[in-house]
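1. Predicted coordinates and the sequence they were generated for:
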Amino acid sequence: MKKVNLAITGCLGRMGQQLIKSSKNTKNFKLVSVTENRIISKKIFGIKPQLNSELAFKNANVIIDFTVPKCTLEVLKIASKMKKRVVIGTTGFSKKEENLIKRYGKKIPILKAGNMSLGINLLMYLTEITSKSLGQNFLSKVFEVHHKHKKDHPSGTALMLGKGISIGKKKDFYKLLGKKYLNKKNFPYSKKINFNSIRKGEIIGNHKVFFSSGKETITLNHEAFDRALYSEGAFTAAKWLMGKKPGLYSMRDVLNFK
């Protein structure tokens, strides 16, 4: 099989570095370009970083982007013009930005996921099923823990799980969106979905979804121990995206969860 030419954005970020490192251990991809939001003189794995541009993405078949919303939208603008595929692992988008991504998805193949992990996407699936099965008598909330360097809260994964709850209830997520707590020891249930985010140490990621009727509690849990699982998931997504028409896809499509 011919190797897929790969561009990685945010090459100095934690996930950018992990993606570059993992790309050296995968036989299906050839890293041809890395970018950052500022000019860097030193090479990274033998490649000189560039700013996001048509020149930087010229030889890439697919772009993997784990950066910040502003950068991701910049990448999508360039990619849509050049008809390049994009895998998005960036989180923290506003509703307006989410709608803009959907519009780009009409022009190019985009795979977007708040989390690239197989386990997390299975958790999302189970969250939908549980929410649907338990009905309206159970209240729910989402808890997550990440390293102290993570800026956004709740995490994209936590919000993704919240959407899973809303899908199960067949309700609009934004109407169910409750309070967002930061570094609280305890946080309450409500008729909406409340979130609590802990930022400490170097924790890779821990997510829990709670359902309670007041008489019993059901907890769904996932814990990550190695950031490589996210890059491996991103490469699986990128390989899958190569054969797809324009559209906005998710890891659920990759894993064929019905």
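-> Alright, I've got the coordinates.
2. Sort out which residues of stretch 95-115 are buried, please.
-> Going by neighbour count (16 or more other CB atoms under 10 Å), the buried part of stretch 95-115 is 100-101, 104-105, 108-115. For every residue, glycine as well, the C-beta is placed using N, CA and C.
3. typed the wrong thing, it's stretch 32-43
-> 32-37, 40.
4. Check stretch 69-85 too.
-> Using 16+ other CB under 10 Å as the test for burial, stretch 69-85 gives 69, 71-76, 78-80, 84-85.
5. hmm, who's touching that stretch?
-> With contacts defined as CB atoms under 8 Å, 6 or more residues apart in numbering, stretch 69-85 is touched by 9-10, 37, 52-54, 57-58, 60-63, 65, 67, 86, 88, 90, 92-94, 97, 100-101, 104, 107-111, 238, 241-242, 244.
6. Kindly provide the distance from the spatially most central residue of the chain to G92.
-> Central residue of the chain (CA atoms, centre = their mean): G114, 2.4 Å from the mean position. Distance of G114 to G92, computed by CB to CB, to the nearest Å: 10 Å.
7. any common contacting residues for these two?
-> Residues touching both G114 and G92 (CB under 8 Å, 6+ apart) are G156.
8. quick one, strands of the stretch 51-200 of the chain?
-> Residue ranges of the strands in the stretch 51-200 of the chain, as given by DSSP state E, counting those that start in this stretch, are 62-65, 85-88, 109-112, 139-146, 177-182, 193-199.
9. before we move on, back to that, now the buried residues of stretch 69-85 in TSV, with distance to I203 and pLDDT?
-> Shown next, in TSV, are the buried residues of stretch 69-85 (distance: CB to CB, whole Å; pLDDT from 0 to 100):
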residue	distance to I203	pLDDT
P69	23	96
C71	24	97
T72	24	98
L73	29	98
E74	30	98
V75	28	98
L76	30	98
I78	34	98
A79	32	98
S80	36	98
K84	34	98
R85	32	98
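10. mind putting those in JSON lines, distance to N5 included?
-> Shown next, in JSON lines, are these (distance: CB to CB, whole Å):
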{"residue": "P69", "distance to N5": "25"}
{"residue": "C71", "distance to N5": "21"}
{"residue": "T72", "distance to N5": "20"}
{"residue": "L73", "distance to N5": "23"}
{"residue": "E74", "distance to N5": "20"}
{"residue": "V75", "distance to N5": "16"}
{"residue": "L76", "distance to N5": "18"}
{"residue": "I78", "distance to N5": "16"}
{"residue": "A79", "distance to N5": "14"}
{"residue": "S80", "distance to N5": "18"}
{"residue": "K84", "distance to N5": "10"}
{"residue": "R85", "distance to N5": "11"}
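11. Among those residues, find me the one that's closest to H153.
-> Within the buried residues of stretch 69-85, proximity to H153 (CB to CB) peaks at P69, which comes in at 14.4 Å.
12. which residues does the residue nearest to the centre of the chain contact?
-> Contact analysis of G114 by CB under 8 Å, 6+ apart lists 91, 155-157, 159-160.
13. Mind doing that once more with 6 Å?
-> Taking CB atoms under 6 Å, 6 or more residues apart in numbering as the criterion, G114 is in contact with 91, 156-157, 160.
14. and the closest residue to it other than its chain neighbours, how far is that from I39?
-> The shortest distance from G114 to any non-neighbouring residue, by CB to CB, 6 or more residues apart in numbering, is to G156 (3.4 Å). Using CB to CB, G156 is found at 29 Å from I39.
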